[in-house]
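[1] here is my input; please provide its structure:
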Amino acid sequence: MICILFFILLQGEESQSPSDTIPRDTFDVVTYDARTIVYDLETSTIILMDSSSIRYQDILLVSDSAHYYIKTNQLEAFGNCDLRQLEDSIKGSYLRYNLDTRKAMMTSGRTQIDNGFLDGKDIYWIDEKTINAYHGIYTTCSDTPPHYYFYAPKMKVYLGDMVIARPIVLFVEGFPVAAAPFWFVPIASKRKSGLLPFRAGNSRAYGKYIQGFAYYFVLNDYADMTVQLDAMEKQGFRPHFEGIWNYSPFTKGTVYGSYIRENNTGNQRYNIEARNESPYFLLGSNFNCDIKYQSDNTYRQDYTDSTMLWVEQEISSQATLSRSIFGYKNSLIYERQQNYATDEIEERLPYYSLASPSRTLFSFLNYSFSGHIVRDRKDSAAIHEEVSGANIHTSPSFQQSILGLFSISPGMQLDLATFDEDTLGNTWPIRLGYSFNFTASTNLYRLFDVHLLGIHGILHKMLPKITYTYTPNFDYGELPRVNSIPVFAKTHKVAFALDHTFESKIGKDLKKVTLTQINLGCSYDVDLDSLSVINLNWNLSYNPFPKPISAFTTQVTGTIDPYTRDHTYTISNTTGMKVPFFSISINQRYTNEHIYQVWFNGDLKPTPRWTITYGARYDWEQREFVDYAFSLRRDLHCWEALFSFNQLADDWRYDFQVRIKSIPEVTIGKGLLGYILE
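    I've put the predicted structure just below:
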């Protein structure tokens with residue numbers, strides 16, 4: 001082949017050979033193909049005409065025609081050019097490519113970048129991961145012409161990372177709608193460190209602002225962090241920090257913090273949150289925590305649109321370090337609860353608990369031990385209290401079947417406790433408390449041969465139960481109350497319970513379902529010779545209706561005074577319906593005090609591109625909606641428009657934005673529209 005090639009080059013004539021190769025060294029070979037190949041000996045040029053193809057290592061160039069300059073090792077392509085390198089491709093009308101430097105220049109070029117497309121008057125392929133585009137447009141819309149695109153005189157593309165443009169203009173349906181001196185759009189399909197898109201706008205609360213100006217750090221395959229800054233004309237600067245790690249099964253969690261010194265008020269406001277799960281902590285222990293601290297209750301409300309935070313009146317924190325030693329679970333716990341409505345802080349530190357495994361004595365008596373060491377502290381503007389105590393507790397019991405007809409379960413509670421001080425000033429008082437209980441129960445069954453409305457038989461299960469409880473009259477009124485240490489109050493009563501369950505097999509597949517459950521309960525105080533109110537809970541969980549009724553459940557709860565026959569009741573019902581274009585769930589609640597409220601939520605799709613979601617609570621007595629929310633979403637092919645509004649009492653919020661589906665960070669929202677919508 002090499003001899004034939006040199007012979008043809010010496011002739012300098014046109015050849016009809018469909019393909020050939022140029023050997024450069026042992027590993028580099030240029031392979032080319034065309035319907036017509038011309039070898040120009042004087043200029044050392046190979047001219048490929050009519051469906052040319054040139055391949056070199058991982059480079060493939062397909063075009064109408066092409067020139068290969070052997071001395072300079074450059075390619076020049078004309079017509080419909082397609083330069084492919086690994087998974088990347090650039091198409092255009094004219095191309096120059098240097099095989100040594102692997103740099104390329106394409107005129108009227110177009111290349112796909114992950115889910116987007118980049119078009120440019122001149123595109124320069126700088127290296128394997130960098131592309132420069134001049135007078136370029138970027139879009140993720142696959143239609144021609146695209147519904148939207150970003151135009152910039154200069155663009156730099158870092159493949160697998162981001163597109164940086166300056167300046168940039170957003171065009172929608174060919175009309176410019178927004179501009180910025182520079183912008184960057186993430187295009188990475190994998191986790192990668194870099195800048196994140198920010199939001200800019202104007203509002204009455206913040207003035208002119210930039211929010212979400214952030215840098216994302218990928219620390220390793222298991223952890224990353226984000227540093228963010230919000231700059232607001234009226235409020236000032238608000239830095240954020242967030243870290244996330246997942247070293248499963250050893251540890252995973254998050255940490256978040258933010259701070260601001262507000263210009264308009266001078267207040268310093270902050271919040272700190274940390275969560276962690278570590279099943280394999282130090283020396284085989286287990287560590288879990290959920291810590292929250294913040295300067296005031298309205299801090300997060302002022303900087304969020306979540307209605308869940310609007311009504312939040314308290315925050316709780318806890319941390320638990322536990323380890324089992326010889327089967328005994330040891331736990332060291334910290335708990336803190338801050339109520340902003342009452343300005344109270346309750347803490348438990350230290351809080352130590354010990355729990356033994358369950359054991360059996362004499363092959364029938366089950367018992368276990370537990371203990372606590374607790375220090376409770378309560379702070380408010382009016383009081384400051386601290387109490388401490390410790391106890392050890394056991395509850396031995398056993399269960400025995402009598403002739404297979406019913407079972408008995410006698411048991412008792414024993415608790416030994418001490419406290420740092422009682423109300424009389426005595427230090428380390430000790431008390432012993434105990435209580436007895438005895439339970440007897442049985443199971444009764446009956447099968448009804450009923451075949452109606454798809455029901456194949458009804459099984460009625462009845463569980464009667466009686467429990468006797470006795471606690472002596474201990475005079476412990478001078479002892480303080482400490483969390484997790486039981487209080488033994490005088491008790492002498494008999495409790496009755498009767499539970500009914502109705503089950504059936506439904507349909508052709510004989511699916512087992514629970515039709516309804518009825519629970520009745522009452523107690524008799526022996527000392528007072530008095531019956532308590534009778535409690536009723538009736539739950540109808542079976543949905544007898546066919547589609548489109550997707551849910552139908554009813555629950556009745558109430559009480560009856562056996563002496564006066566005074567009664568209370570609450571009726572709750574949930575009904576759901578779902579069809580392809582519409583769904584609704586209605587929850588109703590009615591009480592004997594004539595309080596009637598209705599909750600409903602669902603969605604409506606009047607067209608394939610419109611979706612309306614809604615939810616509300618209606619108070620029948622006040623004849624008004626107590627709270628409600630709704631949102632509209634419009635599918636705009638590569639875009640989507642969203643509008644949301646929610647109100648709780650006198651607080652209301654709304655948001656409006658049009659965003660790109662594949663780049664949700666790129667959003668036109670109410671902030672960009674200025675004061676008029678605020």
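
[2] could you say which helix or strand holds the residue lying closest to Cys638 once chain neighbours are set aside?
    Computed as Cβ to Cβ, 6 or more residues apart in numbering, the closest residue to Cys638 that is not its neighbour in sequence is Cys141, at 3.9 Å. Quick note: C-beta positions are derived from backbone N, CA and C, even for glycine. Using DSSP states H and E, Cys141 maps to neither a helix nor a strand.

[3] could you report the pLDDT at Cys141?
    According to the prediction, Cys141 has pLDDT 82.

[4] cool, and Thr307?
    48.

[5] against Thr111, how distant is the residue nearest to Cys638?
    15 Å (Cβ to Cβ, to the nearest Å).

[6] would you mind giving the domain segments of this structure?
    If you go by automatic domain parsing, the domain ranges for the chain are 2-138+167-186, 604-678.

[7] just send these back as TSV, with mean neighbour count and mean pLDDT too.
    Shown next, in TSV, are these (neighbours: other Cβ atoms under 10 Å; pLDDT from 0 to 100):
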stretch	mean neighbour count	mean pLDDT
domain 2-138+167-186	16	76
domain 604-678	15	73
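
[8] can you say which of those is nearest to Pro429?
    Pro429 lies closest to domain 604-678 among the domains of the chain, at 48.1 Å (Cβ to Cβ).

[9] contacting residues around the residue minimising distance to the centre of the chain?
    Computing the C-alpha centroid of the chain and ranking residues by Cα atoms, centre = their mean puts Thr254 first, at 12.9 Å. Residues near Thr254 by Cβ atoms under 8 Å, 6 or more residues apart in numbering: 242-245, 273-275.

[10] these, buried ones only, as a ChimeraX selection?
    In ChimeraX, this line selects whichever of those come out buried by 16 or more other Cβ atoms under 10 Å:
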select :242,243,244,245,273,274
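
[11] which of the contacts of Thr254 sits closest to Glu347?
    Distances from Glu347 to those, taken by Cβ to Cβ, are shortest for Ala274, at 17.1 Å.

[12] next one: that closest one from Gly253, what distance?
    Taken as Cβ to Cβ, the span from Ala274 to Gly253 is 7 Å.

[13] what is in contact with the two at once?
    With Cβ under 8 Å, 6+ apart, Ala274 and Gly253 have common neighbours Cys289.

[14] just list whatever residues bridge to the nearest residue to Tyr614 once chain neighbours are set aside.
    Taking Cβ to Cβ, 6+ apart, and ignoring the residues beside it in sequence, Tyr614 has Phe630 as its nearest neighbour in space, at 4.2 Å. Going by DSSP bridges, Phe630 is paired in beta bridges with Tyr614, Phe645.

[15] am I right that Leu283 sits in a strand?
    No. Leu283: not assigned to a strand; according to DSSP: H, G, I helix; E, B strand; the rest coil it is helix.

[16] I figured it hits Ser324, correct?
    No. Look at Leu283 against Ser324 with Cβ atoms under 8 Å: they stay out of range, at 11.4 Å.

[17] these two: which has the busier surroundings?
    Ser324 (14 against 6; other Cβ atoms under 10 Å).

[18] please, which helix or strand holds the more buried one?
    strand 314-325.

[19] what's downstream of that strand, the next helix or strand?
    Sequence-wise, the next helix or strand downstream of strand 314-325 (DSSP H and E) is strand 328-339.

[20] what's next to that following strand, contact-wise?
    With Cβ under 8 Å, 6+ apart as the criterion, strand 328-339 contacts 313-324, 344-357.

[21] can you rerun that using 7 Å?
    Strand 328-339 is contacted from outside by 313-323, 345-356, using Cβ atoms under 7 Å, 6 or more residues apart in numbering.

[22] same thing with stretch 363-383?
    Counting by Cβ under 7 Å, 6+ apart, 342-361, 385-394, 396-398, 482-485 sit against stretch 363-383.

[23] next up, the contacts around the spatially closest residue to Ile549 that is not a sequence neighbour.
    Leaving out its chain neighbours, the residue that sits closest to Ile549 by Cβ to Cβ, 6+ apart is Met577, at 5.6 Å. By Cβ under 7 Å, 6+ apart, Met577 lies in contact with 548-550, 583-584.

[24] turn those into JSON lines, including distance to Leu636 and neighbour count.
    Converted to JSON lines, the contacts of Met577 look like this (distance: Cβ to Cβ, whole Å; neighbours: other Cβ atoms under 10 Å):
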{"residue": "Pro548", "distance to Leu636": "29", "neighbour count": "12"}
{"residue": "Ile549", "distance to Leu636": "34", "neighbour count": "13"}
{"residue": "Ser550", "distance to Leu636": "30", "neighbour count": "15"}
{"residue": "Ser583", "distance to Leu636": "23", "neighbour count": "17"}
{"residue": "Ile584", "distance to Leu636": "26", "neighbour count": "16"}
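
[25] I figured Tyr618 hits Phe625, correct?
    Yes. Using Cβ atoms under 7 Å as the test, Tyr618 is close enough to Phe625 to be in contact (5.4 Å).

[26] direction included, what does the helix or strand harbouring Ile210 pair up with?
    For Ile210, the element it lies in under DSSP H and E is strand 207-220. Note on strand 207-220: by DSSP bridges, its sheet partners are strand 194-196 (antiparallel), strand 199-203 (antiparallel), strand 223-232 (antiparallel).

[27] for the helix or strand containing His135, packing partners?
    In this assignment (DSSP H and E), His135 forms part of strand 130-139. Strand 130-139 makes packing contacts with strand 116-127, strand 148-158 when contacts are defined by 3 or more Cβ pairs under 7 Å, 6 or more residues apart in numbering; DSSP states H and E.

[28] what does that strand contact?
    111, 116-126, 146, 148-159, 163, 185.

[29] with stretch 171-182 instead?
    147-149, 151, 165-170, 668, 672.

[30] what's the span of that stretch from first residue to last?
    End-to-end distance of stretch 171-182 (Cα to Cα, to the nearest Å): 15 Å.

[31] cool, and stretch 392-406?
    End-to-end distance (Cα to Cα), stretch 392-406: 33 Å.

[32] still on that earlier bit, for the strand holding Ile210, list every residue counted as buried.
    209-211, 213-214, 216.

[33] ditto for stretch 428-442
    429, 431, 433, 435, 437-439, 441.

[34] next one: that stretch to chain centre, how far?
    Centroid separation for stretch 428-442 versus its chain: 44 Å, with Cα atoms, centre = their mean, to the nearest Å.

[35] confirm that Gln301 sits in a helix.
    Yes. Under three-state DSSP, Gln301 sits within a helix.

[36] how close does it sit to Asn267?
    Gln301 sits 14 Å away from Asn267, going by Cβ to Cβ.

[37] which of these two has more neighbours?
    Per other Cβ under 10 Å, whichever of Gln301 and Asn267 has more neighbours is Gln301, with 16 against 11.

[38] can you give me the mean pLDDT across stretch 419-427?
    Rounded mean pLDDT across stretch 419-427 is 89.

[39] what sits closest to Ser484 if chain neighbours are left out?
    Nearest non-adjacent residue to Ser484 (Cβ to Cβ, 6+ apart): His372, at 4.6 Å.
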